[in-house]
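>>> Quick one, fold the following:
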Amino acid sequence: MSESSKKATMPDKLVEVMVDSVFRKNGIKPEEVKNNLSEKQREMLKEMVTDLKQQVEEFQQKRNESKTEE
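Below is the predicted model:
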């Protein structure tokens, strides 16, 4: 696995761990959540994840650019 591939999957793993932790703390089973979401809610969640990924990528680019300028 290349270094860029590792970086791309790391935020996904972090989000998964955080969501799992919140679910366990509140006694929520992921299967129940998946079954109770409407199509509109699923679409909204997909859009939110896409937006967050884009923001993370932009942040990483800016951080890398500032490091190269130093």
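
>>> Please tell me how far the longest helix along the chain is from the chain's geometric centre.
In the chain, assigned by DSSP state H, the helix with the most residues is helix 39-69. Helix 39-69 has its average C-alpha position 8 Å from the chain's average C-alpha position, going by Cα atoms, centre = their mean, to the nearest Å.

>>> which other helices and strands contact that helix?
helix 3-25 (3 or more Cβ pairs under 8 Å, 6 or more residues apart in numbering; DSSP states H and E). For glycine as for every other residue, the C-beta is placed from the backbone atoms N, C-alpha and C.

>>> one more time with 7 Å, if that's ok
Helix 39-69 sits against no helix or strand, with contacts defined as 3 or more Cβ pairs under 7 Å, 6 or more residues apart in numbering; DSSP states H and E.

>>> Quick check: mean pLDDT of that helix?
Average pLDDT, helix 39-69: 88.

>>> Going by neighbour count, list what's buried in that helix.
The neighbour-count check on helix 39-69 (16 or more other Cβ atoms under 10 Å) flags nothing as buried.

>>> Could you report the distance from Lys46 to Lys62?
Distance, Lys46 to Lys62, using Cβ to Cβ, to the nearest Å: 25 Å.

>>> nope, Val56 is what I meant
In terms of Cβ to Cβ, Val56 sits 11 Å off from Lys62.

>>> ditto for Gly27
39 Å.

>>> Break the protein into its domains for me.
Using automatic domain parsing, the domain parsing of the chain gives 1-36, 38-70.

>>> so how far is the last one from its chain's centroid?
So that's domain 38-70. 8 Å.
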